[in-house]
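*Asks:* Sequence plus predicted model, see below.
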Amino acid sequence: QVQLVESGGGLVQAGGSLRLSCAASGRTVSSYTMGWFRQAPGKEREFVAHIRWSDSTYYADSVKGRFTISRDNAKNTVYLQMNSLTPEDTAVYYCAAGRSGSMVVAGQYNYWGQGTQVTVSS
């Protein structure tokens with residue numbers, strides 16, 4: 001069993017930056033694909049980015065060039081550096097861990113955190 005806890009969310013002005021963290025416990029997640037998803041009010045949960053065990057990364061077009069996902073296996077932690085934030089980035093951000101499949105799909109992930117709120121003011 002893997003427990004995931006996100007942190008680092010908050011209120012930021014447009015153009016600002018935040019770094020989200022996702023601390024895993026229960027077992028090492030170095031062999032997992034770790035993903036970030038987000039869900040805005042009234043919208044479905046959407047894929048943001050993932051990083052595989054090989055450290056290869058993939059991003060949604062909406063965040064490409066602005067967000068960076070990384071992992072520190074020694075700390076069993078995954079990060080999401082978010083730059084040039086816009087109000088459209090406002091959402092609850094979720095961290096997830098999964099093994100295989102199409103890792104842009106939420107259903108492929110086995111473990112989820114509780115989410116952290118990111119609010120970007122204009």
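*Replies:* Cool, got the structure. Residues are numbered from 1 along each chain as shown.
*Asks:* which outside residues touch the helix or strand where Ala24 lies?
*Replies:* Assigning secondary structure by DSSP states H and E places Ala24 in strand 18-25. Contacting residues not belonging to strand 18-25 are listed as 2-10, 12, 34, 36, 75-82, 85, 93, 95, 97, 113, 116, 118 [CB atoms under 8 Å, 6 or more residues apart in numbering]. C-beta coordinates here come from the backbone N, C-alpha and C atoms, glycine included.
*Asks:* buried stuff in that strand?
*Replies:* 18, 20-24 (16 or more other CB atoms under 10 Å).
*Asks:* Validate this expectation: Gly107 resides in a helix.
*Replies:* Yes: the assignment for Gly107 by DSSP: H, G, I helix; E, B strand; the rest coil puts it in a helix.
*Asks:* picking that back up, the strand holding Ala24: partners in the sheet, and parallel or antiparallel?
*Replies:* strand 3-7 (antiparallel), strand 77-82 (antiparallel) (DSSP bridges).
*Asks:* Just the mean pLDDT for the shortest one, thanks.
*Replies:* Along strand 3-7, the predicted local confidence has a mean pLDDT of 98.
*Asks:* Not counting it itself, show me its contacts.
*Replies:* 20-26, 93-97, 111-116.
*Asks:* State the pLDDT value of the closest residue to Asn76 other than its chain neighbours.
*Replies:* Once flanking residues are discounted, Asn76 sits nearest to Ala24: 4.6 Å by CB to CB, 6 or more residues apart in numbering. Ala24 is assigned a predicted lDDT (pLDDT) of 97.
*Asks:* Identify the residues contacting the residue positioned nearest the centre of the chain.
*Replies:* Centroid-nearest residue in the chain, with CA atoms, centre = their mean: Trp36, separated by 2.3 Å. Each residue near Trp36 by CB under 8 Å, 6+ apart is listed here: 20, 22, 48-50, 69, 78, 80, 93-96.
*Asks:* In terms of helices and strands, where is the nearest residue to Tyr79 once chain neighbours are set aside?
*Replies:* Using CB to CB, 6+ apart and skipping residues adjacent in sequence, the residue nearest Tyr79 is Ser70, 4.9 Å away. Using DSSP H and E, Ser70 falls within strand 67-72.
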